[in-house]
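J.: when you get a sec, could you give me coordinates for this:
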Amino acid sequence: MTEAQRQELGRNIRSDLVSLEKELNALESQLKPIVPDCSLGDLLRSEMMHDQEVQHRAFTEAKKRYNSLHYALSHLEDDDFGLCMECDEPIAFERLMALPESKLCIRCAKESRL
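T.: This is a model prediction of the structure:
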């Protein structure tokens with residue numbers, strides 16, 4: 001990976017982190033406990049709890065990605081950054097731009113799903 005690509009990837013990761021931080025803040029505000037006698041028109045408490053469960057899953061996934069991106073950013077300058085953990089071949093730059101937290105090349109990722 002060239003130095004220019006590392007810098008571009010760093011900018012991309014920082015931009016994703018800012019977006020995810022905003023998303024996490026918005027989701028977190030929706031995770032407050034639902035009071036027992038709460039209802040909004042036709043929306044029952046059970047439906048509100050289900051919606052909150054969906055929001056909680058979205059929050060958890062966003063938090064995982066946020067932590068993975070933070071980790072990737074902190075290791076961007078490592079010599080082995082961008083190398084597949086399975087085959088030690090370089091991960092395609094396009095893949096890293098789309099998923100900077102990728103630790104496997106496309107071939108190894110496909111094989112691990114089989």
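J.: lowest-pLDDT helix or strand in the protein?
T.: When each helix and strand of the chain is scored by mean pLDDT, DSSP states H and E, helix 45-74 comes last, with a mean of 89.
J.: summarise which helices and strands that one is packed against.
T.: helix 3-29 (3 or more CB pairs under 8 Å, 6 or more residues apart in numbering; DSSP states H and E). (Glycine included, C-beta is placed from N, CA and C.)
J.: ok, the spatially most central residue of the chain - contacts?
T.: Taking CA atoms, centre = their mean, the centroid of the chain lies closest to residue 65, which sits 2.1 Å from it. Contacts for residue 65 (CB atoms under 8 Å, 6 or more residues apart in numbering) come out as 20, 101.
J.: residue 23 too?
T.: residue 62.
J.: returning to what we had before: and the angle for the least confident helix or strand of the chain with helix 3-29?
T.: Going by axes from the mean of the first three to the mean of the last three CA atoms, to 10 degrees, helix 45-74 is angled at 160 degrees with respect to helix 3-29.
J.: how far does helix 45-74 sit from its chain's centre?
T.: 9 Å (CA atoms, centre = their mean, to the nearest Å).
J.: I'd like the mean pLDDT over the next helix or strand after it, please.
T.: Using DSSP states H and E, the next helix or strand after helix 45-74 towards the C-terminus is helix 93-98. The average pLDDT within helix 93-98 is 96.
J.: mind listing what's buried along helix 93-98?
T.: Buried residues in helix 93-98, counted by 16 or more other CB atoms under 10 Å: 95, 96.
J.: may I have the helix or strand following it as CSV, with CA atoms only?
T.: Next along the chain after helix 93-98, taking DSSP H and E as the criterion, comes helix 106-113. Taking C-alpha atoms only, helix 106-113 is exported to CSV below (Å, rounded to 0.1, in the frame of the first residue of the first chain):
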residue,chain,number,x,y,z
ILE,A,106,-12.0,-11.4,-0.7
ARG,A,107,-10.8,-15.0,-1.6
CYS,A,108,-10.1,-15.9,2.1
ALA,A,109,-13.3,-14.2,3.3
LYS,A,110,-15.3,-16.3,0.8
GLU,A,111,-13.6,-19.5,1.8
SER,A,112,-14.2,-18.9,5.5
ARG,A,113,-17.9,-18.6,4.8
